[in-house]
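# Structure here, sequence nowhere to be found:
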């Protein structure tokens, strides 16, 4: 056997070799540099923030894999979407709309410069629009793009947009993050086709991309020449952390100053961080409504009384509170009421009432046979299926809650978890009984939502086919987009949203909200009114 | 020996074909349409025309057989295609993320070997001693804790509580410690047991008794003869695990935000980025095959009896 002295030496040697290897492995010249830059910038006026994905290509005219918040930091829009749906001048100082609603004249700000030093004017606006229109198919989901007939430069700071038909949401759609934001001259490739990539990210926004390492981090520096209010922090560092638990641990360790977004950390983690009292937490205004959509083509769900009964038959308040721990709020309306034209929808709100639910089901002919616990009509049992996105724990838990609540009414609910894309496909193909849906939120709604409801192939139009007033609804929706009169538009929306909801196939469940958790030294954190925008306007660090 | 190596290299071809067929088949069994997934990732409500156009762009509107043959021809030319999501060549995407993954793999392999060899060796020659019990404990833990959970535990204790290492990211050697130890842990468990068993077995061999009767010092018998022969299954184990390490790195990379291609692969799965998934699987298959080949060569070198045996039976 080995004598004890040698054994000790052996162990010692192994440990030393181990340590040496680790040290050697990490000590490439590149990493030494990194360490330096990290410690240097940390002392700066900088906010470090985590995002699940790499920011992607900084190109204002493309989608994947670019991240909306990052695009919105560098590129700006003509119009800005503010709280309550107010549309404020941004790069456009003002605009005029012709009587027939087809011509839009934009007076541009004259003091705006791109980060390459070139000035923002009608020429570059036209160039961007033309680049977008080269790939009109890709952008056709955004209503006004496919209606553009002509783009014109009137003078240096006046730009004119002509549409083929009146389309009121144009101004609102100009507030979206992509694709109608503006790239500077130096960013354009030779052939002007930005869909294949940009030379460099040249924007007019308050931030400039300073340093970027794929899949690791991106540093945005304040644009010192910014035309608007200068941000108070100098730098924003975006760390790419794909795992939610890791984000929480990194935050607790102090490696992050801010966690922000929708579903970026689990409800449990949010509650736990909130309970420590060592951090600031906040929850935004509603950004969208989580809805339950019933397919009226299914025999069981074709009767309004049945749909109402199912709505009466579950304790919404308790379910939303219990499943989301207060991160979402019980919803009474199918669209959040802070969106444009949605604030005065008149509907009878439905409160939990199990007796009423049973009575409605009885009236509709779904009776509970003696000795059975599932209702029947003409010998057919009341059995329906609810489809949920298996990756979303909130949908899953809500589905389970509904299953047990409706079982009390004598309704058998089968729940099935599928992947998001399958959920979308089956919804579109009308192969479902009950499904979860949520609207797009600001700045896309309410017009995008009603448009989806009225368009063939998205699922809603087919799902509401048992509505007695379907034709009228579709006419109203077609009309509302072309209205040029504000009062008329408001009236139409009130009617459309009211009757969509009264007919009971779309059940509002909860208002989805964003969350933010930040260190105590951060102040003036404000959620952006536009769901896709970055939250760094006004944010500051206390010394 | 040259012929042997050549033979081994030729066997790679059918395995590659099989791997590509399996991946292709499985991706197509999945109900998810890559075009739908593309628009879902972009937060766009796509119309039917847009979906149709994307499918055409991706070549998904062609018959399956043609899609497969086209993919094969390209792969034959070492072209894995263009990523659906990023629009860049898959090979470029994988290549740029390779250094990080290789760094992590080598780090954990070294840790695994440097920890398990001494522990396994001592546990073997001193059966039922303290170190043997310790090795048993280590193996149970290593074999039963899933690596993502171990990663969180390490982060919580060594990073958040003790402030010794950063939680995530790259840059310094400190960033490498927790992920590589996490990745190495199951291997340590495996290798320790493997070496211990092999040592115990070898101690029963007549050559040990012979060496003792020759009056050789115990240290020399153990260090020079027993360890040298007993380590052979361990080397096979390592070879088989280099591929495992690369694939196991997927989870560790996601947990520790390590910018390697395992993480990239996860995104690709969610986005149904078929060229990337295919490229990754083929690459992993290649690594498995090549690392096994290298291990065989090393074993031949350490224990020449292996190649001699081959000749004897001819």
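Thanks, I have the structure now. Computed from a predicted structure; not experimentally measured.
# Can you tell me what sits against stretch A:369-384?
A:298-301, A:361, A:364-368, A:407, A:409-414, A:433-434 (C-beta atoms under 8 Å, 6 or more residues apart in numbering or on different chains). C-beta here means a position set from N, CA and C on the backbone, and glycine is covered the same way.
# Filter the residues you listed down to the buried ones, ChimeraX style.
Selection of buried members from the contacts of stretch A:369-384 for ChimeraX, criterion 16 or more other C-beta atoms under 10 Å in any protein chain shown:
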select /A:298,300,301,361,364,366,368,409,410,411,412,413,433,434
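# low pLDDT regions in the chain?
In the absence of a named chain, this looks at chain A. A:1-43 (pLDDT under 70).
# try chain B instead
Residues of chain B that meet the cut-off, pLDDT under 70, sit at B:1, B:303-314.
# biggest helix in it, by residue count?
When chain B is parsed with DSSP state H, its longest helix is helix B:90-125.
# Give me the subset of the contacts of stretch A:369-384 that lies in helices.
Using DSSP H, A:361, A:407 are the members of the contacts of stretch A:369-384 that sit in helices.
# what helices or strands is the helix or strand hosting residue B:40 leaning on?
Using DSSP states H and E, residue B:40 falls within helix B:34-41. Identification of packing neighbours for helix B:34-41 by 3 or more C-beta pairs under 8 Å, 6 or more residues apart in numbering or on different chains; DSSP states H and E yields helix A:420-428, helix B:48-58.
# Quickly check: the first one near chain B or not.
Same thing as helix A:420-428. Yes. Against chain B, helix A:420-428 shows contacts by C-beta under 8 Å from any C-beta of the partner chain at A:420, A:421, A:422, A:424, A:425.
# how far away is the residue nearest to the fourth one when sequence neighbours are not counted from residue B:54?
Nearest non-adjacent residue to residue A:424, counting by C-beta to C-beta, 6 or more residues apart in numbering or on different chains: residue B:36, 6.0 Å away. Distance check for residue B:36 against residue B:54: by C-beta to C-beta, to the nearest Å, it reads 9 Å.
# which neighbours do those two share?
Joint contacts of residue B:36 and residue B:54 (C-beta under 8 Å, 6+ apart) are residue B:46.
# What is the neighbour count of residue A:321?
The local packing of residue A:321 (other C-beta atoms under 10 Å in any protein chain shown) involves 16 other residues.
# now swap in the one 5 residues further on and tell me
Counted by other C-beta under 10 Å, the residues lying close to residue A:326 total 14.
# Please tell me how far the nearest residue in space to it that is not next to it in sequence sits from chain B.
Excluding its sequence neighbours, the residue lying closest to residue A:326 (C-beta to C-beta, 6+ apart) is residue A:283, at 7.8 Å. If you measure residue A:283 against chain B using C-beta to the nearest C-beta, to the nearest Å, the figure is 22 Å.
# so residue A:283 sits right up against residue A:512, yeah?
No. If you go by C-beta atoms under 8 Å, residue A:283 and residue A:512 don't touch, sitting 10.7 Å apart.
# Provide the backbone phi and psi angles at residue A:236.
phi -120, psi 120 (degrees, to the nearest 10).
# right, and it touches residue A:50 too?
No. With contact defined as C-beta under 8 Å, residue A:236 does not count as touching residue A:50 (11.6 Å).
# the more surrounded of those two?
When residue A:236 and residue A:50 are compared for neighbours, residue A:50 comes out ahead with 29 against 25, by other C-beta under 10 Å.
# what does the helix or strand encompassing the more buried one rub up against?
Assigned by DSSP H and E, residue A:50 belongs to strand A:46-51. When contacts are defined by C-beta under 8 Å, 6+ apart, strand A:46-51 is touched by residues A:67, A:69, A:219, A:233-241, A:247, A:250-251, A:255-261, A:264, A:522, A:536, A:539, A:541.
# at 6 Å what do you get?
Strand A:46-51 has contacts (C-beta atoms under 6 Å, 6 or more residues apart in numbering or on different chains) with A:233, A:235, A:236, A:237, A:238, A:239, A:241, A:247, A:256, A:257, A:258, A:259.
# how about the residues of the stretch 101-250 of chain B near chain A?
B:107, B:110, B:114, B:118, B:152, B:155, B:159-160, B:167-168, B:171-173, B:176, B:218-219 (C-beta under 6 Å from any C-beta of the partner chain).
# now those residues: which count as buried?
Applying 16+ other C-beta under 10 Å to those flags B:107, B:110, B:114, B:118, B:152, B:155, B:159-160, B:167-168, B:171-173, B:176 as buried.
# Burial-wise, tell me which of the helices and strands packed on helix B:34-41 comes out on top.
helix A:420-428 (a mean of 20; mean count of other C-beta atoms under 10 Å in any protein chain shown).
# quick one: which helix or strand includes residue B:139?
Per DSSP H and E: helix B:130-144 holds residue B:139.
# how far off helix B:90-125 does that helix point, in degrees?
Interaxial angle of helix B:130-144 relative to helix B:90-125 (axes from the mean of the first three to the mean of the last three C-alpha atoms, to 10 degrees): 150 degrees.
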